[in-house]
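[1] What shape does this take:
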Amino acid sequence: MSIIGWIILGLLAGAIAKFLLPGRDPGGLVGTTLIGIVGAFLGGWISSRFLDRPISNDFYDTATWVSAIGGSLVLLIAYRLLFGNSRDRR
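    Numbering: from 1, shown residues only. Okay, here's the model as predicted:
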């Protein structure tokens with residue numbers, strides 16, 4: 001899968017992560033989108049590096065989607081923990 005494919009997968013994974021963790025994000029739509037893209041790359045890297053699951057060239061591979069969504073969820077939770085109250089302080 002090309003870089004464009006991973007970006008599209010990241011956009012969709014970020015949207016799914018936002019759907020699974022509803023609520024107010026400090027970064028809004030743009031922040032959640034970037035978290036989804038980075039989460040897809042991170043999830044794919046962790047899956048191939050530590051779980052011995054090679055990155056598939058198929059866009060519709062279930063393990064690729066699970067790792068991308070999992071990476072997005074982890075980053076979204078971490079982002080909310082680190083910056084979640086930044087809007088309340090103003």
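[2] CA-only coordinates of stretch 72-85 in CSV, if you can.
    Provided in CSV are the C-alpha atoms of stretch 72-85 (Å, rounded to 0.1, in the frame of the first residue of the first chain):
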residue,chain,number,x,y,z
SER,A,72,-5.5,6.0,16.4
LEU,A,73,-7.4,5.1,19.6
VAL,A,74,-4.2,5.0,21.7
LEU,A,75,-3.0,8.4,20.3
LEU,A,76,-6.5,10.0,20.8
ILE,A,77,-6.6,8.8,24.4
ALA,A,78,-3.0,10.1,25.0
TYR,A,79,-3.8,13.4,23.4
ARG,A,80,-6.9,13.9,25.5
LEU,A,81,-5.0,13.0,28.7
LEU,A,82,-2.2,15.5,27.8
PHE,A,83,-4.2,18.4,26.3
GLY,A,84,-7.8,17.6,27.2
ASN,A,85,-8.3,20.5,29.7
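[3] T32: neighbour count?
    T32 has 22 neighbouring residues, counting by other Cβ atoms under 10 Å. All C-beta atoms are positioned from the backbone trio N, CA, C, and that covers glycine.
[4] Could you report the distance from the spatially most central residue of the chain to L82?
    Against the mean C-alpha coordinate of the chain, by Cα atoms, centre = their mean, the closest residue is S72 at 2.1 Å. Distance, S72 to L82, by Cβ to Cβ, to the nearest Å: 16 Å.
[5] cool, and I46?
    20 Å.
[6] Look at the two and report which has more neighbours.
    I46 (15 against 10).
[7] OK, contacts around the more buried one?
    S67, G71 (Cβ atoms under 8 Å, 6 or more residues apart in numbering).
[8] Please determine how far it is located from A68.
    Distance from I46 to A68, by Cβ to Cβ: 10 Å.
[9] Next: L9.
    5 Å.
[10] Now do the shared contacts for these two.
    A40.
[11] which element is the closest residue to L42 other than its chain neighbours on?
    Residue nearest to L42 in three dimensions, not counting chain neighbours: G71, with 4.2 Å by Cβ to Cβ, 6 or more residues apart in numbering. Using DSSP states H and E, G71 sits within helix 62-83.
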